[in-house]
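Student: pasting the structure only:
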């Protein structure tokens, strides 16, 4: 989970993979027929995905790993803020740096099963269903970086900051936090009850604080206190030094970590542009690289003392349209559908994933990934037809919308059908997708230009502000997609709804069911109905599921490519 200029995390997300549930009916087709068809499609998608393992790294026992050593990694920029929960903080680069610092309340196994992390949480269980109450007991040995205890009060303070009740806190997402009605201490400062305002299936995510009260009690501290200062560690590593000039972050062992002593002594994150990352890895200056394009794959494969790891991935790429503005042709759903059908998604996938010698699997669902139980084609369910490349159909839709071909470019009321794709500089996978989009759209009468912007300003100054027409980047999923995926489209005011499209009246109830329903079948059905509504809006067009491909230095163990499995940072290191 590296590279920020073309990837973003689902905020507060993570997803239990459940059984195939009841599916919403489509047209005159019976629910049984649709369920059978969806199961068949999912089986095919799973078969394609099964070509790759879920975890690709070399495993080694703790005592087989060298004691000491430095792991050298790269990020594309220093954090805009060190507060990950702030609206400017939810970048994958920051997440990478925080991973050895924040162990969290749960860990994920190779198959995606989430279990409590005994380093942080001794026990947690639902002790009441109406209202839903989770009783939790923290590991009393847990302390913040300064040695002060991690308590229920820290979690209560974080909940108050992140739940949206105080708008002075500039939070990236209130998902999950807003569903908690109360947090109270019970037996002692390490034991408490978390009461929910309604049922909340994915409660395991919201058990343990990532920030102490000193960060979350005051909006000014929360918003501005950690722009250049790291938030406190509570994991096996801590931030030892930030070199703003050299753009290097150094992590060292946290002397107040109460768990197993990490094998590594130091982790160094250096800022390296995406254009330079392949040569930096090939030259042995960093120990790992996330590979997303053919040139990087070729250079990384050429390093003699490295190995290439491949797994399935929960990252999916797309083109997102900004539909806002009265004079915006993308405000017309016919134009958006024409655009969707004019893009050859197979060619987009082959352009980027083909050179990686990995399967290209298109994504046709906004909640589940191909191969996950419950996956179905949302375009077929929502519109009655799969999303297929059809330039002739795209042209007919544009004709119906009043955009007539005049030479090579379509016009309406004297105005040409012009669009731009905003592209971050030095990001080959992004520019490869953008060029294919441009070629396909121009072929049916759009006039599309590529607008290249600085990669470190791509999100902050263009996507976050809505200053774009088309963008293509990737969303990084987690274990709990039903909890997190709705945030990309609902509510209309969501900080991650970059389309500007208001689907609130259609999806509000479904989103609520996705996030609160304890019955897995009903939850699955609501999730797919939600996805079908998003599909027929033609505002975000999904491309392919990106495989996780890492180049790692030979001898580096317990680290690298994985679909779900959590990294145990105490065992990461070099084989003894």
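Tutor: Looks like it arrived, so ask away. Small disclaimer: the values here were computed from a predicted structure and weren't measured.

Student: Count the residues that sit near residue 70.
Tutor: For residue 70, the neighbour count with other CB atoms under 10 Å is 15. Any C-beta I mention is one placed from the backbone N, CA and C, and that applies to glycine too.

Student: Check the gap between it and residue 561 for me.
Tutor: 21 Å (CB to CB, to the nearest Å).

Student: I'd assumed residue 292 was in contact with residue 429.
Tutor: Yes. Using CB atoms under 8 Å, residue 429 is in contact with residue 292, at 4.3 Å.

Student: Mind checking the pLDDT average for the helix or strand residue 160 falls within?
Tutor: In this structure, residue 160 sits in helix 152-162 according to DSSP states H and E. Averaged over helix 152-162, pLDDT sits at 98.

Student: swap in stretch 93-107?
Tutor: Averaging pLDDT along stretch 93-107 yields 95.

Student: what's the answer for stretch 60-78, then?
Tutor: The average of the pLDDT scores along stretch 60-78 is 97.

Student: Now do the end-to-end distance for it.
Tutor: For stretch 60-78, the separation between the terminal residues is 31 Å (CA to CA, to the nearest Å).

Student: Mind listing what's buried along it?
Tutor: 60, 65, 69, 71-78 (16 or more other CB atoms under 10 Å).

Student: Output the contacting helices and strands for the helix holding residue 160.
Tutor: Where contact means 3 or more CB pairs under 8 Å, 6 or more residues apart in numbering; DSSP states H and E, helix 152-162 is packed against strand 180-185, strand 191-196, helix 213-216.

Student: and if we set it to 7 Å?
Tutor: For helix 152-162, the elements it packs on are strand 180-185, helix 213-216, judged by 3 or more CB pairs under 7 Å, 6 or more residues apart in numbering; DSSP states H and E.

Student: so what secondary structure elements neighbour the shortest one?
Tutor: The elements that helix 213-216 packs onto, with contact taken as 3+ CB pairs under 7 Å, 6+ apart, are helix 152-162, helix 219-224.

Student: would TSV of these with distance to residue 247 and mean neighbour count be doable?
Tutor: Output for the helices and strands packed on helix 213-216, formatted as TSV (distance: least, CB to CB, whole Å; neighbours: other CB atoms under 10 Å):
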stretch	distance to residue 247	mean neighbour count
helix 152-162	29	23
helix 219-224	22	16
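
Student: do you know which of the ones you listed lies nearest residue 512?
Tutor: Comparing the helices and strands packed on helix 213-216 by their distance to residue 512 (CB to CB), the top pick is helix 152-162, with 18.9 Å.

Student: what's next to stretch 280-294, contact-wise?
Tutor: Contacts to stretch 280-294, defined as CB atoms under 7 Å, 6 or more residues apart in numbering, come from residues 2-3, 71-74, 272, 277, 296-297, 299-300, 302-303, 352, 355-356, 428-429, 432, 546, 549-553, 556, 559-560.

Student: Now do it: distance to the chain's middle.
Tutor: Distance, stretch centre to chain centre, for stretch 280-294: 22 Å (CA atoms, centre = their mean, to the nearest Å).

Student: So for it, mean pLDDT?
Tutor: For stretch 280-294, mean pLDDT is 93.

Student: Next: stretch 177-193.
Tutor: When pLDDT is averaged over stretch 177-193, the result is 97.

Student: outside of it, which residues touch it?
Tutor: Here stretch 177-193 makes contact (CB under 7 Å, 6+ apart) with 131, 133, 135-138, 140, 149, 151-153, 155-156, 159, 162-164, 194-198, 200, 206, 515.

Student: So for that stretch, first residue to last residue, what's the gap.
Tutor: 14 Å.

Student: May I see the buried residues of it?
Tutor: 177-180, 183, 190-193.

Student: Where does pLDDT dip in the protein?
Tutor: Where the chain drops to pLDDT under 70, the residues are 1-50.

Student: centroid residue for it?
Tutor: Nearest to the mean C-alpha position of the chain, counting by CA atoms, centre = their mean, stands residue 476 at 2.2 Å.
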